[in-house]
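Asks: next input, structure requested:
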Amino acid sequence: MNIISNLVEAHIFRETENGIEFLLLKRAADQIYPGVWQMVSGKINDNEKAFETSVREIEEETGLTPEKMWVAPKVNSFYSAVSDTICLIPVFAAQVAKDSNVIISAEHSECTWVNPREAKELLAWDGQRRAIDLIEEYYLNEKSLLKFIKIDL
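Replies: Next comes the predicted model:
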């Protein structure tokens, strides 16, 4: 068995009058996991840093450009029985302007902005739901001991 890290997870959020909202994307019918709601995800290209992949995938899948971006203190993982590998996935938080216009790619059939509670209800995997909690805690609680590492864009 091998351990690899060739994917990223990027949670896009915007500030609203009532807190923050997360952008979720619904997988298209012809994609793996059709109909599943998710954040932006993607494969790291050769000679690309994980955070660079996140920025690229955000732009490709949503047409958005992050205003600010952070490394979340979380790494998600899964096991593939087909390849007998464990994949470690770094998690990123990306803030966009609240009036951003989302243009989804063919990988997705629809998108929606939701509050953190709704996001956790729609996301399929526990690690993704926990990432929502971490991002919300960091962003809304200035006294939080949680310190994300800001990425200079």
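Asks: buried residues of the lengthiest strand in the chain, list them for me.
Replies: The longest strand of the chain (DSSP state E) is strand 68-80. When burial is assessed from 16 or more other Cβ atoms under 10 Å, strand 68-80 yields the following buried residues: 69-72, 74, 76. Yep, even glycine has a C-beta here, placed from its N, CA and C like the rest.
Asks: name the next helix or strand downstream of that strand, please.
Replies: strand 85-95 (DSSP states H and E).
Asks: confirm Ser54 sits in a strand?
Replies: No. The assignment for Ser54, made by DSSP: H, G, I helix; E, B strand; the rest coil, is helix rather than a strand.
Asks: residues near the closest residue to Glu59 other than its chain neighbours, how many?
Replies: Among residues not flanking Glu59 along the chain, Thr65 sits closest, at 6.2 Å (Cβ to Cβ, 6 or more residues apart in numbering). Counted by other Cβ atoms under 10 Å, the residues lying close to Thr65 total 13.
Asks: could you list the alpha-carbon positions for the strand or helix carrying Glu9 in CSV?
Replies: When elements are assigned from DSSP H and E, Glu9 belongs to strand 7-16. Output of strand 7-16 as CSV, limited to C-alpha atoms (Å, rounded to 0.1, in the frame of the first residue of the first chain):
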residue,chain,number,x,y,z
LEU,A,7,-5.8,16.1,-4.8
VAL,A,8,-6.9,19.3,-3.1
GLU,A,9,-10.1,20.5,-1.5
ALA,A,10,-11.0,24.2,-1.6
HIS,A,11,-14.0,25.6,0.4
ILE,A,12,-15.2,28.9,-1.1
PHE,A,13,-17.1,31.2,1.1
ARG,A,14,-18.4,34.8,1.1
GLU,A,15,-19.3,37.2,3.9
THR,A,16,-22.9,38.2,4.3
